[in-house]
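Participant: Based on what follows, work out the 3D shape:
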Amino acid sequence: MRALALDVGSKTIGIAVSDAGGSMAHAREVLRRAGTKADAPAICARARELEAELIVVGLPLELDGSEGHRARLVRRFITALEAALEAAGAELGVVTWDERFSTSAAERTLLEADLSRAKRKRTIDAVAAQFILQGWLDAQPENRPEAGEGRAP
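Facilitator: Numbering: from 1, shown residues only. As a prediction, this is how the structure comes out:
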């Protein structure tokens, strides 16, 4: 199953997509925010173009696991996204995934890749979405190896 992941921020939305088998996440692009009313239909269209069957939205929980202001903003975006999907007749599910530390993990990865500050700034949200999606994919039972089995290198 191909899944799309979103790292929803105040200025941008990072987008990642999985392979068709639903086992590997890939950073895709960063969408500059134009407001929820415009962003939700744009994400809906992008999901259809990429043949996604599910959208995973990173939920920015507080360190203690509670939902703060940012999480409430993301939940409002999800409501708009679900309405846009319904209006477009798209039969895509939307799920949330804890995104704590995804941006810091993305930053570390980009620093290790020795990317310039400008390049990191342009790509960090898509890489954060990749971390969100890979975490969600890895948690799916069909992607876990059986006891005694290993993943191929």
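
Participant: quick one: the helices in the chain?
Facilitator: Secondary structure of the chain (DSSP state H): helices at 36-49, 69-87, 102-112, 117-139.

Participant: Need the winner for burial among these.
Facilitator: Each of those was scored by mean neighbour count; the highest is helix 117-139, a mean of 20, by mean count of other C-beta atoms under 10 Å. Where you see a C-beta, it was placed from the backbone N, CA and C, and this is true even at glycine.

Participant: which secondary element of the chain has the worst mean pLDDT?
Facilitator: Lowest on mean pLDDT, DSSP states H and E among the helices and strands of the chain sits helix 102-112, with a mean of 64.

Participant: now stretch 52-59, how far from the centre of its chain.
Facilitator: 6 Å (C-alpha atoms, centre = their mean, to the nearest Å).

Participant: buried sites along that stretch?
Facilitator: The neighbour-count check on stretch 52-59 (16 or more other C-beta atoms under 10 Å) flags Ala52, Leu54, Ile55, Val56, Val57, Gly58, Leu59 as buried.

Participant: Tabulate those residues in a markdown table, adding columns for pLDDT and distance to Ala16.
Facilitator: Formatted as a markdown table, these follow (pLDDT from 0 to 100; distance: C-beta to C-beta, whole Å):
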| residue | pLDDT | distance to Ala16 |
| --- | --- | --- |
| Ala52 | 96 | 11 |
| Leu54 | 96 | 13 |
| Ile55 | 98 | 11 |
| Val56 | 98 | 9 |
| Val57 | 97 | 11 |
| Gly58 | 95 | 10 |
| Leu59 | 95 | 15 |
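
Participant: ok, of these, which one's closest to Ala71?
Facilitator: Nearest to Ala71 among the buried residues of stretch 52-59 is Leu59, at 5.6 Å by C-beta to C-beta.

Participant: any idea which of the buried residues of stretch 52-59 is closest to Ala84?
Facilitator: Using C-beta to C-beta, Ile55 is the member of those that sits closest to Ala84, with 10.8 Å.
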